[in-house]
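1. whatever this is, show me its structure:
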Amino acid sequence: MSIESIEQHFLDSADHTRQAATLMAPHIDAAVERMVAALTSGNKILACGNGGSAADAQRFAAELIGRFERERPGLAAIALTTDSSILTAIGNDYDFSVVFAKQVEALGQPGDILLALSTSGNSANVVAAIQAARQRDMSIIALTGKGGGRIATLLDEFDIHLCAPGDRTARIQEVHLLTLHCLCDGIDEALLGEA
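-> Residues are numbered from 1 along each chain as shown. As a prediction, the model looks like this:
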């Protein structure tokens, strides 16, 4: 790889991030308000995704339970991607497509939020989790890319869709990580005031 290629990755990422900021900022703000309302009402956020999105779900839960950049009491969040016994039992006894939905059915309560992450918007197990969350009267915040895929067709006017622009997976994932940081910072600001 050449120095020019490396620099181009950074430039492409910066351009993509600027475009996403313009398109997504109002929706991210709405997601922060929804999350703060749920958390301050005693509800929790369940997060799920596959691959890099699984890592993002875990990072988000860790930053809420622990802290983001400021000290505060822990906030209720669960990454549905972390318990290998649950994931393998459900995958083996049922099907991998329901590994998140079964957990939503067991853990989700009315007023909770499902943070559903899918770069393509087409992950079957994330789609099933959204359908399960709808049955549990949960709010849905979907973090997607590539136009939102199948997930976009499942969302209604009460859900929040954070769709990163573009089709390149790496750029979408970069925007997703920045979006999660914005959500964490927004939650902290709402609870603690401006830094």
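2. tell me the helices and strands packed up against the lengthiest helix in the chain.
-> Longest among the helix segments of the chain by residue count, using DSSP state H, is helix 3-40. Applying 3 or more CB pairs under 8 Å, 6 or more residues apart in numbering; DSSP states H and E, we find helix 3-40 packed against strand 45-48, strand 113-118, strand 139-144, strand 160-163, helix 169-192. Where you see a C-beta, it was placed from the backbone N, CA and C, and this is true even at glycine.
3. how about it: buried residues?
-> For helix 3-40, the neighbour count (16 or more other CB atoms under 10 Å) marks 13, 16, 20, 24, 28, 31-32, 34-36, 38-39 as buried.
4. and which of the residues you listed is nearest residue 164?
-> Ranked by distance to residue 164 (CB to CB), the buried residues of helix 3-40 are led by residue 20 at 5.5 Å.
5. one step back: let's have the buried residues of helix 3-40 in JSON lines, adding distance to residue 71 and pLDDT.
-> Below are the buried residues of helix 3-40 laid out as JSON lines (distance: CB to CB, whole Å; pLDDT from 0 to 100):
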{"residue": "13", "distance to residue 71": "31", "pLDDT": "92"}
{"residue": "16", "distance to residue 71": "33", "pLDDT": "89"}
{"residue": "20", "distance to residue 71": "30", "pLDDT": "93"}
{"residue": "24", "distance to residue 71": "28", "pLDDT": "97"}
{"residue": "28", "distance to residue 71": "23", "pLDDT": "98"}
{"residue": "31", "distance to residue 71": "23", "pLDDT": "98"}
{"residue": "32", "distance to residue 71": "19", "pLDDT": "98"}
{"residue": "34", "distance to residue 71": "24", "pLDDT": "98"}
{"residue": "35", "distance to residue 71": "19", "pLDDT": "98"}
{"residue": "36", "distance to residue 71": "18", "pLDDT": "98"}
{"residue": "38", "distance to residue 71": "21", "pLDDT": "98"}
{"residue": "39", "distance to residue 71": "16", "pLDDT": "98"}
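6. contacting residues around residue 35?
-> For residue 35, the contact set (CB atoms under 8 Å, 6 or more residues apart in numbering) comprises 45, 113, 141, 183, 186-187.
7. measure it to residue 96 for me?
-> According to CB to CB, to the nearest Å, residue 35 stands 28 Å off from residue 96.
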